[in-house]
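Asks: Below are the sequence and a predicted model for it; my questions follow.
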Amino acid sequence: MQESQENWNEEEFGDLRSSKSSSLSDTTEIAEDASEAVRNWKERRRLEIEERDRSDAEIKERLQEEAVKHIDDFYEIYNKKKEQQLEQSKKDAEAFLKEREEFFNQDNTVWDRVMQLINVDDADVVGDRDRSKFKDILLRLQGNQDAPGVISKEA
């Protein structure tokens, strides 16, 4: 009976053993195919990353070159403007000093010079203060050589 049982086991499970070994070879082939696909994918991915890194490096280099150019342009323009402003300030200072000397070297009284400096046409009332009387006093002092505070040039 043992023999019949072994036959029966072989008959019944023999197919399993053979299918088991065939499924192992199938699994091995699938694993090899899958590992080949994974290797191909990894290689493609590595190449894509390298290409992207190269592209990013080129873009970064180009941006750095542009930034350096813009900075150089900024300082060039800044220095030109600074030089122009210095020249303009120098001209303005010379003009102011010349005008001031001419103003003080006029042959007139202090009150005449005061009248040149103020705006007579300004409003008479500013901030609740009536300035009309002060204007009248200044107008009477204008041109008067005997007015108080007149400094003569001969003294």
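Replies: In hand now; what should we look at?

Asks: Please point out which parts of stretch 100-109 sit buried.
Replies: Thr109 (16 or more other CB atoms under 10 Å). Every residue, glycine included, has its C-beta placed from N, CA and C.

Asks: For that stretch, give the mean pLDDT please.
Replies: The pLDDT scores in stretch 100-109 average 84.

Asks: Now it - C-alpha only, PDB.
Replies: Extracted C-alpha coordinates of stretch 100-109, given in PDB (Å, rounded to 0.1, in the frame of the first residue of the first chain):
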ATOM      1  CA  ARG A 100      26.800 136.700  -3.500                       C
ATOM      2  CA  GLU A 101      29.800 138.900  -4.100                       C
ATOM      3  CA  GLU A 102      27.900 141.000  -6.600                       C
ATOM      4  CA  PHE A 103      25.000 141.300  -4.200                       C
ATOM      5  CA  PHE A 104      27.300 142.600  -1.400                       C
ATOM      6  CA  ASN A 105      29.300 144.800  -3.700                       C
ATOM      7  CA  GLN A 106      26.300 146.800  -4.900                       C
ATOM      8  CA  ASP A 107      26.300 150.500  -4.300                       C
ATOM      9  CA  ASN A 108      23.100 150.700  -2.300                       C
ATOM     10  CA  THR A 109      21.900 150.600   1.300                       C
END
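
Asks: switch to numbering from 47
Replies: With the count now opening at 47, the last piece we talked about shows up as stretch 146-155.

Asks: How is the protein partitioned into domains?
Replies: Domain segmentation of the chain under the TED database yields 78-151, 153-193.

Asks: State the next helix or strand along the chain beyond the helix or strand bottoming out on mean pLDDT in the chain.
Replies: Using mean pLDDT, DSSP states H and E, the weakest-scoring helix or strand in the chain turns out to be strand 171-172, at a mean of 64. Helices and strands here follow DSSP states H and E; after strand 171-172, the next one along the chain is strand 175-176.

Asks: looking at the domains of the chain, which one has the lowest mean pLDDT?
Replies: domain 153-193 (a mean of 73).

Asks: packing partners for the helix or strand Arg98 falls within?
Replies: Using DSSP H and E, Arg98 falls within helix 48-150. Packed against helix 48-150 by the contact rule (3 or more CB pairs under 8 Å, 6 or more residues apart in numbering; DSSP states H and E) you find helix 156-163.

Asks: count of residues packed around Trp157?
Replies: Per other CB atoms under 10 Å, the neighbour tally for Trp157 reads 21.
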